[in-house]
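Engineer: Quick one: sequence plus predicted model below, questions after.
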Amino acid sequence: MRVHLLAAAAAAALLGSIAHADARTVRWAASGDPNTMDPHSQNLGTVTMVLQQIYDALIMRDRNLGLQPGLATSWRQVEPTRWRFELRRGVRFHNGNDFNADDVVFSIQRALAPTSNYGIFVDTVAEVVKVDDHTVEIVTKIPDPILPNKFASVYIMDKEWSEANNVRQPQNTRAREETHTVRNTNGTGAYRLSIREPDVRTVLVRNDDWWGWKEPGNDGNVTEIIYRPITSDATRIAALLSGEVDFVLDPPLQDLERLRRAPGVTVLEGPEVRTIFFAMDVKRDELLYSNVKGKNPFKDLRVRQALYHAIDIEAIRSRVMRGNAIVTGTLFPPQVNGYSKEQDVRLPFNADRARALLAEAGYPQGFEVTLDCPNNRYINDEAICQAVAAMWTRVGVTTRLNAMPLANFFPKIQREDTSIYLLGWGVPTLDALYSIQSLLASKDGEPGNGIWNYGNYSNPRMDELTRIIKNEGDPEKRTAAIHEAMRIYREDVPHIPLHHQMIPWAMRSTVSIPHMANNQPYWRWAKVN
Amino acid sequence: MAAFAPARGLSRVFDSDLWWSFTRSPVVVVSAVVALTMILSALLAPWIAPHDPFNLATLDLLDAFTPPVWLEEGNWRFLLGTDDQGRDVLSTIMHGARISLFVGFASVLFSMTLGISLGLIAGYLGGTTDAVLMRIADIQLTFPSILVALLIDGLVRAMLPRELHDQIALWVVIFAIGISNWVQFARTVRGSTLVEKNKEYVMAARVIGLSPVRIMVSHVLPNVMGPVLVIATLNLGFAILAEATLSFLGVGVPPTQPSLGTLIRIGNDFLFSGEWWITLFPGITLAVMVLSVNLLGDWLRDALNPKLR
């Protein structure tokens, strides 16, 4: 360790950056690499786990995922459809540019662009008005009580820098576009991007000028963050045990027992606000990847129920997840506003019932389908898909598994080039609207509606309820609408839910960092000895 | 060696000298028995394996991580235990060895055909053709063959769409390993051809007006086959290992057709958690397979070398 510290210190000195009396480097690893550095292009945990160290939002999360001032020092709803944000003064971007209201206007408009994947966070925004250099007003189309929750996920970019580098629009990942923001950043955050080598390493260095270091709570001492993706489970853990990395975000479940016993290693555990499910193409008249021609079996409720009944969820929980999962029958976990225990009921595992339903639907011999699955995004994602493919095959739906890295998987499902896929959905706003609107609302062109609904599920009542949940100021009526939406979710089976993830973090005992239910390490709160 | 009656000549050698030296060495006999058993059990895997690990309909996740039969919680249904999806390890090894051996034999056959053809041409024609071919061989020799295989596999992977690639991945691996090994064959054949082409029987064949192709194939080739067979056997071991390496690195055959290397890679994830049987048994199988093939190759080299007789 000492050698590394010296080396890091020497490197820092050589690079001409501010030489800290005590340079603290943390080297961390996870299985996947962020597929872009653009702050509005990919709303993915793998991307934000790096970007949130670099970019600030107007409002930021505290250690309990509550809201605290970020680039805005205060905010209030001056009218039902008008929010006023007072901006922090004296903030500079990493390139030295001043932060002001123009940057806020620019960033929110950028998040509204067609190529943005962050529309869900700005969906109600009608207009962004610069009042003066340090005041901005947001006019919303409808009263939006949870706007601050959403804005905690909208990163603020530098207008001048973006225009100079021709990145006014977010990178279009679907078209595999390559822009300046794919490898470069310019935020106001606690860390600056120093080296970005996709799939190799991403190095961040401490921004000593960050406004937040003066705020209480931001007492981290990390001066350099080196991220390395290590896909192989065994290699990632070997790296942690040997001290080659200090922190592993996603230790493989099979190794937790050993890690807990290993000297010098700490395992932090907690539930994540993330639900794993399968979603199906329920729109096309013929599936892209199936041997059924001329019709789409997933349009038949009985087929969807059959696949649901075929899943032995207890086997997945105990064998694949080794107990580290909370089995669910609904769309989001209990931490999310709108959760109801009555709606959290699964269709029971019953292979005979599944076969009977398939026969009833006209597939007594079953059919074939290809399941798309990421293999480095969620905990044991590929193993889950393998297990479920076997379960479906046993009831007659011969399932071919197409497992791939997230860099291939997400563009593929975003092109809707899929028949059935595995997805894990986290809820950064901690409110049910985020899930319902993104995953269940029809794609009607409204920003945020159905943006991750790649199976194109559509139910007019669900759209109606989405509108109510979005607009309703009365908490009771709003909750009732969420519960009704979840009842329809259970009846319609647009997804087959599996479980909420438990997220263990493994680290050297020299590292202390608060465990976060959004599975994001906030290095500004971390201490390394 | 007999010059004009290759078939009878080979069979005579087989009947006498070679067989005699074979029976004299217990190590070689054991290697041959082991190799033959492995090849047979791999060939017959679909019929004699206790389970069909690729029939998803027969898998039960609740069987996952069953240890080998002699351990506590072991189960006679799964002699060598099961993997993370409840597949019988013994059956996956038998099926995996099938893929490994197939890739091994096919790629050796490919490099042999390519190497012999180019070697014959270079040796027989000589001149510029010879120079060009042998310089290409020299250049390729400066790269480690596993690197060449990786390069080819990577290139094909980048050029083809994913779905297509999965379908032909097996052939890509065979091609990649094959092309990375032709040089040894070509070098050896060229050397022997240079010696043979000035002998009287070749002169005679040329005088009666046989075409160069005919002379190369029917007259020169049979006389250079001895060393080629030795190289082929030794290369078989290498090809199996190369395939395992590629698959272990995740660039070889697709996981839907797991070879021994793929099995080792999958099992590798469970080494730390104490489920060692998932990776150890495929590993032992691979080691024993390559060892027995190499021992056979070594013996063949010595047995066919007149200087050692």
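Structural biologist: Okay, I see it.

Engineer: which intervals of the chain have sub-threshold pLDDT?
Structural biologist: No chain specified, so I'll use chain A. Across chain A, residues meeting the criterion (pLDDT under 70) sit at A:1-21.

Engineer: Switch to chain B, please.
Structural biologist: B:1-16, B:162-163, B:306-309.

Engineer: The same query, at a cut-off of 80, please.
Structural biologist: Filtered on pLDDT under 80, chain B yields the residue ranges B:1-18, B:145, B:157, B:161-167, B:250-257, B:304-309.

Engineer: Please list the residues of it that sit near chain A.
Structural biologist: B:56-62, B:64-65, B:84-86, B:162-163, B:255-256, B:268-275 (Cβ under 8 Å from any Cβ of the partner chain). C-beta: built from backbone N, CA, C; applies to glycine.

Engineer: Now list the buried members of those.
Structural biologist: B:56, B:59-61, B:64-65, B:84-86, B:255, B:268-273, B:275 (16 or more other Cβ atoms under 10 Å in any protein chain shown).

Engineer: just checking, which of those residues belong to helices?
Structural biologist: Those of those mapping onto helices are residue B:268, per DSSP state H.

Engineer: roughly how far is stretch B:114-121 from the heart of the chain?
Structural biologist: 19 Å (Cα atoms, centre = their mean, to the nearest Å).

Engineer: distance between the helix or strand hosting residue B:226 and the chain's centre?
Structural biologist: Element membership of residue B:226 [criterion: DSSP states H and E] is helix B:221-248. Averaging C-alpha positions (Cα atoms, centre = their mean) puts helix B:221-248 5 Å from its chain's average.

Engineer: buried set for it?
Structural biologist: For helix B:221-248, the neighbour count (16+ other Cβ under 10 Å) marks B:221-228, B:230-248 as buried.

Engineer: same question, stretch A:245-263
Structural biologist: Residues of stretch A:245-263 classed as buried by neighbour count (16+ other Cβ under 10 Å): A:245-256, A:259, A:262.

Engineer: Over to stretch B:137-152?
Structural biologist: B:137, B:140, B:145-146, B:148-150, B:152.

Engineer: Contact partners for residue 50?
Structural biologist: Because you didn't say which chain, this covers chain A. Counting by Cβ atoms under 8 Å, 6 or more residues apart in numbering or on different chains, residue A:50 touches A:34, A:37, A:202, A:204, A:227.

Engineer: oops, I was thinking of chain B
Structural biologist: Residue B:50 touches B:77-79, B:88, B:90-91, counting by Cβ under 8 Å, 6+ apart.

Engineer: Report all helices and strands that the lengthiest strand in chain A contacts.
Structural biologist: Taking DSSP state E as the assignment, the strand of chain A that covers the most residues is strand A:271-280. Counting contacts by 3 or more Cβ pairs under 8 Å, 6 or more residues apart in numbering or on different chains; DSSP states H and E, strand A:271-280 packs against helix A:301-309, helix A:381-394, strand A:420-426, strand A:495-502.

Engineer: Not counting the helix or strand that residue A:476 is a member of itself, show me its contacts.
Structural biologist: Element membership of residue A:476, judged by DSSP H and E, is helix A:475-492. Around helix A:475-492, the neighbours that count as contacts under Cβ under 8 Å, 6+ apart are A:301, A:329-331, A:338, A:340, A:342-343, A:345, A:432-433, A:436, A:440, A:457, A:459, A:461-462, A:465-466, A:468-469, A:472, A:495.

Engineer: Helices - which of the residues you listed land there?
Structural biologist: Among the contacts of helix A:475-492, DSSP H puts A:301, A:432-433, A:461-462, A:465-466, A:468-469 in helices.

Engineer: out of those, who has the most neighbours?
Structural biologist: Neighbour counts for the ones in helices among the contacts of helix A:475-492 (other Cβ atoms under 10 Å in any protein chain shown) peak at residue A:433, which has 28 neighbours.

Engineer: I'd say it and residue A:471 touch.
Structural biologist: No - counting by Cβ atoms under 8 Å, residue A:433 sits too far from residue A:471 to count as a contact (10.3 Å).

Engineer: and chain A, which residues reach chain B?
Structural biologist: Counting by Cβ under 8 Å from any Cβ, chain A sits next to chain B at A:232-234, A:237-238, A:241, A:252, A:254-255, A:257-258, A:312, A:315-316, A:319-320, A:383, A:386-387, A:389-391, A:393-394, A:398-404, A:408.

Engineer: Mind doing that once more with 6 Å?
Structural biologist: A:233-234, A:237, A:254-255, A:258, A:315, A:319, A:386-387, A:389-390, A:393-394 (Cβ under 6 Å from any Cβ of the partner chain).

Engineer: Now list the buried members of those.
Structural biologist: Among those, those classed as buried by 16+ other Cβ under 10 Å are A:233-234, A:237, A:254-255, A:315, A:319, A:386-387, A:389-390, A:393-394.

Engineer: And the strands in the stretch 251-400 of chain A, which stretches?
Structural biologist: A:265-268, A:271-280, A:325-327, A:367-374, A:397-404 (DSSP state E, counting those that start in this stretch).

Engineer: Looking at these, which is nearest to residue A:176?
Structural biologist: strand A:397-404 (14.9 Å; Cβ to Cβ).

Engineer: Strands of the stretch 51-200 of chain B, residue ranges please.
Structural biologist: Under DSSP E, counting those that start in this stretch, the stretch 51-200 of chain B gives no strands.

Engineer: Name the residues that touch stretch B:258-265?
Structural biologist: Defining contact as Cβ atoms under 6 Å, 6 or more residues apart in numbering or on different chains, one finds that stretch B:258-265 is touched by B:92, B:96, B:99-100, B:243-244, B:247-248, B:252-253, B:255, B:279, B:282-283, B:286.

Engineer: what does stretch A:293-312 give?
Structural biologist: Residues contacting stretch A:293-312 (Cβ under 6 Å, 6+ apart): A:280-282, A:284-287, A:347, A:349-351, A:353-354, A:357-358, A:360-361, A:367, A:391-392, A:395, A:493, A:496.
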